[in-house]
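[1] Task: produce atomic coordinates for the following.
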Amino acid sequence: MKIKCLFDVKKSQYMHLTKRQYYWGEFYKQLLTSVLNGSFRQVERHGNDSICYWWGLSNFMIDVYVTDAMPKQTSRLIQVMKEHMAEGHFNLFSTEMIDQEGHVRNKDGQQMSLDAIADMNWLLDNVEGTIPSIDDFSGDARKLISQYGIYSLRETGHD
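    Next up is the predicted model:
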């Protein structure tokens with residue numbers, strides 16, 4: 001059984017506490033506005049590489065939706081942290097990070113690069129659980145994960 005939520009031991013049930021929320025309309029609105037007002041800059045591409053736009057909380061592209069199941073004080077803390085992150089006052093990826101095997105993945109005070117964040121295929125030492133194996137997914141999902149996820153088909157031998 002694959003569950004993408006937490007288990008509430010008090011109520012003996014699985015529950016969703018948060019989810020990612022994407023606002024593609026905001027992305028396209030800002031992109032088209034920049035084209036129309038002449039501020040859009042052409043990005044140099046190499047071969048067939050796609051262009052990656054790193055838009056997040058500060059650009060209103062993504063958000064974290066907190067469900068009513070989240071305790072109110074925790075929900076408020078999340079809201080404050082989101083605001084600080086969006087304003088550039090708090091960076092989640094500038095502290096010491098140790099993976100489940102004990103390897104230091106980021107040093108305290110060091111800003112983790114965008115590439116290192118995008119290539120994260122490990123969990124912190126305080127996280128219980130594992131990242132599913134590529135074998136846990138169907139063939140179509142494997143292809144999608146190899147393109148967008150943390151595994152490549154070549155790495156796993158699933159060509």
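[2] what's the spacing between residue 107 and residue 98?
    Relative to residue 98, residue 107 is positioned 10 Å away (C-beta to C-beta, to the nearest Å). C-beta: built from backbone N, CA, C; applies to glycine.
[3] List every C-alpha atom in stretch 74-81, with coordinates, as CSV.
    Backbone C-alpha positions of stretch 74-81 (Å, rounded to 0.1, in the frame of the first residue of the first chain) are rendered in CSV as follows:
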residue,chain,number,x,y,z
THR,A,74,1.8,24.9,13.1
SER,A,75,-0.2,26.3,10.3
ARG,A,76,0.6,29.8,11.4
LEU,A,77,4.3,28.9,11.7
ILE,A,78,4.3,27.6,8.2
GLN,A,79,2.6,30.8,7.0
VAL,A,80,5.3,32.9,8.7
MET,A,81,8.1,30.7,7.2
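[4] Show me what counts as buried in that stretch.
    For stretch 74-81, a neighbour-count test (16 or more other C-beta atoms under 10 Å) marks residue 75 as buried.
[5] I'd like the mean pLDDT over it, please.
    For stretch 74-81, the mean per-residue pLDDT is 93.
[6] which SS class is residue 19?
    Secondary structure for residue 19, judged by DSSP: H, G, I helix; E, B strand; the rest coil, is strand.
[7] What are the phi and psi values at the closest residue to residue 110 other than its chain neighbours?
    Nearest non-adjacent residue to residue 110, counting by C-beta to C-beta, 6 or more residues apart in numbering: residue 94, 6.6 Å away. Phi and psi for residue 94, reported as degrees, to the nearest 10, are phi -130, psi 30.
[8] what residue ranges in the chain score low on pLDDT?
    Residue ranges of the chain with pLDDT under 70: 1-7, 43-55, 148-159.
[9] For it, just list every one of the helices.
    With DSSP state H as the criterion, the chain has helices at 24-36, 72-86, 114-118, 139-148, 153-156.
[10] would a markdown table of those with distance to residue 64 be doable?
    Converted to a markdown table, those look like this (distance: least, C-beta to C-beta, whole Å):
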| stretch | distance to residue 64 |
| --- | --- |
| helix 24-36 | 15 |
| helix 72-86 | 6 |
| helix 114-118 | 16 |
| helix 139-148 | 20 |
| helix 153-156 | 30 |
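[11] Can you check which of these gets nearest to residue 14?
    Closest to residue 14 of the helices of the chain, according to C-beta to C-beta: helix 72-86, at 17.9 Å.
[12] Which strands or helices does the closest one pack on?
    On a contact count with 3 or more C-beta pairs under 8 Å, 6 or more residues apart in numbering; DSSP states H and E, helix 72-86 meets strand 62-66.
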